[in-house]
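Participant: Sequence first, predicted model second:
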Amino acid sequence: MPEQSPPPLLRDVIVIPESPSASELVLKLAEGVSNAEETLREYVIPPRLVDNFDQALRLIQNAVATGTSRAAYLHGSFGAGKSHFMAVLYALLRGEHAARSRDEFAPLLARHDAWLNGRRFLLVPYHMMGAKSLEQRVLGDYITHVRTLHPEAPIPAVHRTDALLDQSRHLRAQIGDAAFIAGLPGGGEEDEWGDEGGWTTERLDTAFAAAPDDEIRRALVRDLLSTWQRGFFRNALEDQEGFISLDRGLFEISAHARDLGYDALVLFLDELILWLANHIGDQRFISREIQKITNFVEGSDARRPIPVITFIARQRDLSELVPEGVTGAHDLAFQDTLNLASGRFDVITLEDRNLPQITRRRVLKRVGEDEGHGEAAERAITEAFERFSRGVRSEVWDVLLGTDSGVGTGADLDTFRLTYPFSPAFVSTLVYVSSALQRNRTGLKLMRQMLVERRNDLRLGQIIPLGDLFDVLSRSGDQPFTERLKVEFETAQKLYQNRLRPYLLEQHRVSDDDLERARRGEHLDRQLAARVRAFTGDDRIIKTLLLGALAPAVPALHNLTPRKLAALNHGSITSPIPGGESGIIARKLEQWAARFGEIKLLDGDGVRLELVGVDVSSVLNEARRYDSPGARQAMVKRLLWEELGITATDGYFDQAHVVWRGSRRVIEVVYGNIRNPEELRDDAFHPFTPNAWRLIIDYPFDEGTHGPAEDRNRVLNLGFSARTVCWIPASLTVNRQQDLGRLVMLDALLSGPPTRFEQAARHLSEDDRRRAHATLTNQRDALLVAMRGVLRQAYGLATKQAADVLTTYTDHLLSLTDPRELTLPVGARLNTVLPWLADQMFAAQYPAHPDFDPDRRGEPVRVADLRTVLEYVRRAVESGEDRVEVEKKDRAVVRRIANPLNLGVMHEAAYVLNREWVDHFTRRARQEGITGDLRVTDLQRWLDEPQPRGLERPVAQLVMAAFAEQTDRTWIRHGAILTPQPELTAIADDLALRQPERPDEQDWAEARERAMHLFGFMPPNLPRGRLVAMFVQDLSRQARQYRDAAHRLVDELERHADRLGLDPAATTGRLHTAYVARDLLDGLDSRHRDIDIIRQLARTDLGGPPQRAGRSIRSAADVVQALRNTAWETFDLLAELGEPWAAEAAEILAALRQAARDDELTTPLATALTRARARATDLLGRATRAARPGGPTPLTTQPDRPTPAPATWSAGGPAPLDDPVRDLGPVEQGSLTVDGDDLAELVETLRKVADRNPGRRIDVTWRVRP
């Protein structure tokens, strides 16, 4: 099959000159305004630019209408067409046919012709480059321009005239007044410009003596400049001190333009910012000139004769030109000036979005386009672009369009089509970089230069890589705007020329001559051509990093990654695998960062180049003594242990903790030279812990000619079996071992005592020491990344590169027991190795272990989750159906544990038990003849039959606890039932499971029913051993709670049995129920067997329904309190009442006694006592009042006084009067006189006294009056 011919060169379809012209694509304003037709023929006018012209014309209109001066910055990047804009605006104001005939301006002219017609504008263009001051250029060029337009007009008085008048005084004295006056214009008569009269001796004297701003002096100066002092004007043009202040000068030229018949003066200042930038090192100059800027809109005169409208081309903000050394009050003054200017100046922004159209028209002109037959070239480019766009992956396309930042910026397909072969990302970068790093060349000129340089090799379908931009900038010899950028650019060039480029040339084995031959298009042999292409690709990546360091704010250069670098230099790095370019570049970046501290790998896959400018090799030489074989071994171990997640200890071996199938496991890890028996004896190949695994890791280098094959031979010749795996790496190459030594030295310098680095860098200045420390830190960090990548190759996880490791050794894992064939996770990181190996090791050791981590998340089973599963096992068992609905939050946990452990099946929402473990343990017990208690040690042994499961202790405890629940067995220790039953993790080896005696079904049902009525709770329906034990515990707790109150109730009822008519021998009623409740509670709180307590509760004769005993138990405390609070003397008085009150009294007492005999469920006793007392008090009151009319005498309190001998009142009559009075300290005393029929009031009063004096005796005396 014949070879396919390559696409045509781009020069066949786009006009690319053989060499660029110095003046091409650059318009000087003075030339542009003088040749409007040529300027407008090449001018691209997109709609957005028409809006800019409208903004400029409105500004002029406003100035003319108000008579005030206005100014505007014409802001745009290099190549945005600021000079062209002013030249075209000049043409519009002059009414040039070339401007007015452009169709794009038709709407604009329709809006503005009404006020433009009939007005004259004096338009003065300025090119500021080479000016000595603003006054010298603005005022001097005004004179030059006006003299061209109006050669006969007088010269405005803008010069400093003291010297001129001194010379003229001398001349007058030499030649006399007559000759002097004769040489002046006017001949003593009024001239055509309106000067009044001719010069006389008197007028000359007045003029020579007048103040500088006096009109007669100004008239004399004008006449002298046009006659006797013509040479003075020519000399003043080059004298920066030869003009008056800019403020005053603007007033003068405004008046001068008015006198010439103009309506406004329009100044076009081109290259002002570039002019200031060229003096950036002269702080005094910049300070002086910047402060004059506001004079264009604001002067000391209230109003200028005609408005002055100033347009200043600006590609940078003025604030960027404030000298960096300015501080304090001077800085504030500068900022005030700049803020003032910002507030007074309008801004007309020529957007960068216009650049695609301008680029297409002026730089990417199609072949034959000017002759009217460019269709073929346009068609070829369109087809090539369509093929290119279809063949580029979306992520590359996003970078090229600048839409990968995710903030809504970037270009579209049509924009790219206009700028092809320059991507939108390239164009946006070019705009910023050219404005920051170039003073004299526009972005368009740089684009043309790059096309010229690629004229012989750039083909249709290719794009310009971004890295090529660095070469064009470097070869230009131009200087950046600011001193900081200048230093950084020089540093970047030195880094590239002195270190980066020589390194790449050496790596790819090419020379500058080879590259030059390739550039000229000469034939190269296949191998050399391949090396040149490889160098060119790497070179572009490096140069893109340099551009990123110089312009980090550019979106395309922000957050650089391997993928982004590949896209920005699309086609420079190729891979047979789509998208594989990123991986290739990532590996290159690791290598470069390890060698050059300026290249820093960031978190994730980011990369950054930092410009430092300090040679750190002298510092690193001081650390050579820290490099040794032992230090290198320690460094490799440290890197491996960090990646593997192993904590280093001082022991002979370390422990690696892994999660295997959801269980926590430990692997013993040893680090040493397997080949050397003096370093690793044979016993080092045996694990220290029974049933554990040991992993022995060798290091990837050895002394002399020893290699990994010798490590392998020793393992194969060991004559024993052990759970040990040996991990043998391939040897590092000499270069990588040198990198390892460099890493050791860097780490010793930077991680050691602070004085170590200070001592090594003592020959550097303090500032350089800080930068050197940062550079070495970056290099150390990069070496760490690179070395980790090399170790992945050495230990068999990544494809071996001949530049890094011995590629012929592949037998990395050797096991001293099954499984013999172990594998490594090729392509993975080191932190995945231990879980990978653990799966193979423990799967061979415990083949039946359930998999609690099928997704390999590395999450161990938690005890809390095991408890959750056990709870649902219990619920399922107690449901009687072995099934339970699981709460949504617990379903994943139950499914993760119960399903693989064969404890049942977690369906979508329901958990269903199975009997696999019940059958397994029962079968094993039967096979071994065990019929009684099942010991934990036996259950654990059976867990690993028929195949080892190796369950963790808590998981094994869950299986045994679930078995206990399903078989209704009770945990015992040394023959005694444990109360309470042990928690999950408390199931110890000395426990056993016993089948408990279950209560009779009828007793259980009756006990449940009675518990509900007696105590208000009911156990589950199933009489399971654990539930029975819990039920008995609850009964005992309830019994202890109510027992004391039940005993006190019996005591109180017996104490008042006579009053309440209670019979202790009765078999029903309140007292009998109290006896029954007391005895039942005593029995429930006994130490009898659970089944006996259940039987007692079910079979005890409660003397009636259990509800009555339950009410007695639960209300005992309240009834006791009511009995103790009752005023029994009231009822005693009630019993002694005679007729006619005796019958009612008897009825009250009878009702109380009946309530007392009833049980509490029938009649609450506290309520009955309250009701009876109220009725008794009422009856006693009525009886007393009926016996003697009149109310009681109020009780009056009297001071302490001797009291009569006390008497005690009781139901049996007054107490003896001979009791002695006890001294109780201050006591309450008083007396009350009542009628004999008002005794109830007396009793109530005494009760209140008793309430106020609890615990004290009350002496009562009485005297009956006739």
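Facilitator: Great, that's in hand.
Participant: Partner strands of the longest strand anywhere in the chain, with direction?
Facilitator: As assigned by DSSP state E, the longest strand anywhere in the chain is strand 663-671. When pairing is defined by DSSP bridges, strand 663-671 lines up against strand 654-660 (antiparallel), strand 693-697 (parallel).
Participant: And for it, what's in contact with it?
Facilitator: Strand 663-671 has contacts (CB atoms under 8 Å, 6 or more residues apart in numbering) with 637, 640, 644, 646, 652-659, 680, 684, 687-689, 692-697, 699, 834, 837-838, 841-842, 849, 852, 860-861, 950-952, 955. (Each C-beta comes from the backbone N, C-alpha and C, glycine too.)
Participant: same check, this time on stretch 925-937
Facilitator: 921, 938, 960, 969, 972, 987-994.
Participant: Please pick the buried ones from these.
Facilitator: F921, D938, M960, R969, I972, I987, L991, A992, L993, R994 (16 or more other CB atoms under 10 Å).
Participant: circling back: and which of the contacts of stretch 925-937 is nearest to D1044?
Facilitator: Closest approach between those and D1044, by CB to CB: I972, at 33.0 Å.
Participant: Identify the residues contacting the closest one.
Facilitator: D933, L978, L991, A992, L993, R994 are the contacts of I972 under CB under 8 Å, 6+ apart.
Participant: out of the residues you listed, which are inside strands?
Facilitator: L991, A992, L993, R994.
Participant: in whichever strand or helix holds D513, what counts as buried?
Facilitator: Assigned by DSSP states H and E, D513 belongs to helix 512-519. For helix 512-519, the neighbour count (16+ other CB under 10 Å) marks D514, A518 as buried.
Participant: got the buried residues for the helix or strand following it?
Facilitator: Per DSSP H and E, the first helix or strand lying C-terminal to helix 512-519 is helix 526-550. Applying a neighbour-count criterion of 16+ other CB under 10 Å, one finds 528, 531-550 buried in helix 526-550.
Participant: between helix 526-550 and helix 512-519, how big is the angle?
Facilitator: Relative orientation of helix 526-550 and helix 512-519, computed by axes from the mean of the first three to the mean of the last three CA atoms, to 10 degrees: 100 degrees.
Participant: For helix 526-550, which helices and strands make contact with it?
Facilitator: Here helix 526-550 touches helix 424-437, helix 468-475, helix 483-495, helix 501-508, helix 512-519, helix 562-568, helix 581-595, strand 607-609, going by 3 or more CB pairs under 8 Å, 6 or more residues apart in numbering; DSSP states H and E.
Participant: would you list the ones you listed in CSV and tack on distance to R723?
Facilitator: Converted to CSV, those look like this (distance: least, CB to CB, whole Å):
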stretch, distance to R723
helix 424-437, 57
helix 468-475, 59
helix 483-495, 54
helix 501-508, 46
helix 512-519, 58
helix 562-568, 42
helix 581-595, 37
strand 607-609, 44
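Participant: Can you lay out the ones you listed as TSV showing mean pLDDT and distance to A179?
Facilitator: Converted to TSV, those look like this (pLDDT from 0 to 100; distance: least, CB to CB, whole Å):
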stretch	mean pLDDT	distance to A179
helix 424-437	78	60
helix 468-475	86	64
helix 483-495	80	58
helix 501-508	92	76
helix 512-519	88	74
helix 562-568	93	78
helix 581-595	88	84
strand 607-609	90	77
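Participant: Among those, which comes closest to A964?
Facilitator: Counting by CB to CB, and looking across all of the helices and strands packed on helix 526-550, nearest comes helix 581-595 at 56.9 Å.
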